[in-house]
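Undergrad: Need a 3D model of the following:
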Amino acid sequence: MHAAFQVHALFVFEAHPMTDFLQLFFSGLATGSIYALVALGFTLLWQASGTINFAQGEFVMLPAFMMVMLLGSGLSLYFAFALSIVLSVVILGWVFKRGLVDPLFKYGMMPIVVATIGLSIAMRNGVRAGYSAEPQPFPQVFPDVILDVMGVTFSAGDVGTFVLAMVMVLVTQAFLNKTVTGRAMQAVAQNTESASVLGINVPRMIFYTFAINAILAAAAALLVTPTYLAKFDMGEGLGNKAFFAAIIGGFNNSRGALVGGLLVGVCENLAAAYISPAYKDAVALIIFMVVILFKPQGLLGTKEERKV
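TA: Residues are numbered from 1 along each chain as shown. Predicted coordinates:
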């Protein structure tokens, strides 16, 4: 009897740490899925046009404020989201490509990198000066309820965020791999000259990539803003972590964005709980440095060079 009690007590004692670990793990998956959405945009732009967009985080911030303004005009959340997607495709897709990337593309990658860094600063300061420097409240997308599965609790927000983000990533992957347009976009990403010879409309395919990036950014804004509020500087940290996640997974592999994003999200959540919250924001950088040291092309990346 005494031995049985000891076994039961040991089980109860050890079950709580495992429960805490699982809760942290799944919460990290939810955060990581948002990183994956933004990181996927990084990889798509790089593959299609050789563009590294260091304003990617601000591309999430701007749709968040679009939705805040549309909600303030009396629209419902989902109608505001739909309209923000349209505006994002126009502003963050077409205008960004035609107004910044296309004129600088012939000068190489470095001018585009510098220009997007400047764009990120301009977008942050523009929203702060033109709208507000204060965090703006944002309605919950998912019910504010707690789910209990075998003693492990999850918030409906975490579950919904993870599921919706994964759906967006998987739908994007299916579009790229299973449709004629998606395969044409991949052909452009691999070799623009050969794609043009085959009769593929290269400029149109590249624009589609920018449009998809804008849609992913708007989706990330919908998922991240209820937790972190709409702030003019909300994209800075998000963009940096997504960039590291894209490199960790492999910058020339769109599936790598998913792996890198989830890995960063889970590891930073565990580090904040088991080491110190002060190290949370350094986790992505640490993983990035380790991966670059041992596998420079990323976990799923290849050493193939892009041909133009």
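
Undergrad: rest of the way, CA atoms for contacts and neighbours
TA: OK.

Undergrad: Off-centre distance for whatever helix or strand residue 153 lives in?
TA: Assigned by DSSP states H and E, residue 153 falls within strand 152-155. Put simply, strand 152-155 sits 23 Å off its chain's centre (CA atoms, centre = their mean, to the nearest Å).

Undergrad: in that strand, what counts as buried?
TA: Residues of strand 152-155 classed as buried by neighbour count (16 or more other CA atoms under 10 Å): 153-155.

Undergrad: before we move on, what about stretch 105-123?
TA: 105, 112-113, 115-117, 119-121, 123.

Undergrad: Which one of those is nearest to residue 251?
TA: Looking at the buried residues of stretch 105-123 and their distance to residue 251, the nearest is residue 113, at 15.4 Å (CA to CA).

Undergrad: Helix or strand for the closest one, just tell me which one.
TA: Per DSSP H and E: helix 109-130 holds residue 113.

Undergrad: Strands of the stretch 101-250 of the chain, start to end?
TA: Under the criterion DSSP state E, counting those that start in this stretch, the stretch 101-250 of the chain contains strands at 146-149, 152-155.

Undergrad: Same list, those, but as a markdown table with mean pLDDT and distance to residue 66 please.
TA: Converted to a markdown table, these look like this (pLDDT from 0 to 100; distance: least, CA to CA, whole Å):
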| stretch | mean pLDDT | distance to residue 66 |
| --- | --- | --- |
| strand 146-149 | 80 | 30 |
| strand 152-155 | 82 | 27 |
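
Undergrad: need those in JSON lines with distance to residue 197, can you?
TA: Formatted as JSON lines, these follow (distance: least, CA to CA, whole Å):
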{"stretch": "strand 146-149", "distance to residue 197": "55"}
{"stretch": "strand 152-155", "distance to residue 197": "52"}
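
Undergrad: Nearest to residue 22, out of those strands?
TA: Of those, the one closest to residue 22 (CA to CA) turns out to be strand 152-155, at 7.0 Å.

Undergrad: ok, and what's touching the closest one?
TA: Under the criterion CA atoms under 8 Å, 6 or more residues apart in numbering, residues 19-20, 22-23, 26-27, 144-148 lie in contact with strand 152-155.

Undergrad: Quick check, pLDDT for residue 14.
TA: Residue 14 carries a pLDDT value of 45.

Undergrad: who touches residue 194 in this structure?
TA: Per CA under 8 Å, 6+ apart, neighbours of residue 194: residue 188.

Undergrad: how far away is it from residue 184?
TA: Distance, residue 194 to residue 184, by CA to CA, to the nearest Å: 11 Å.

Undergrad: can you check residue 68 too?
TA: 36 Å.

Undergrad: where's the residue nearest to residue 50 when sequence neighbours are not counted relative to residue 115, distance?
TA: Distances taken as CA to CA, 6 or more residues apart in numbering place residue 109 nearest to residue 50, at 7.0 Å, with adjacent residues excluded. For residue 109, the distance to residue 115 (CA to CA) stands at 10 Å.
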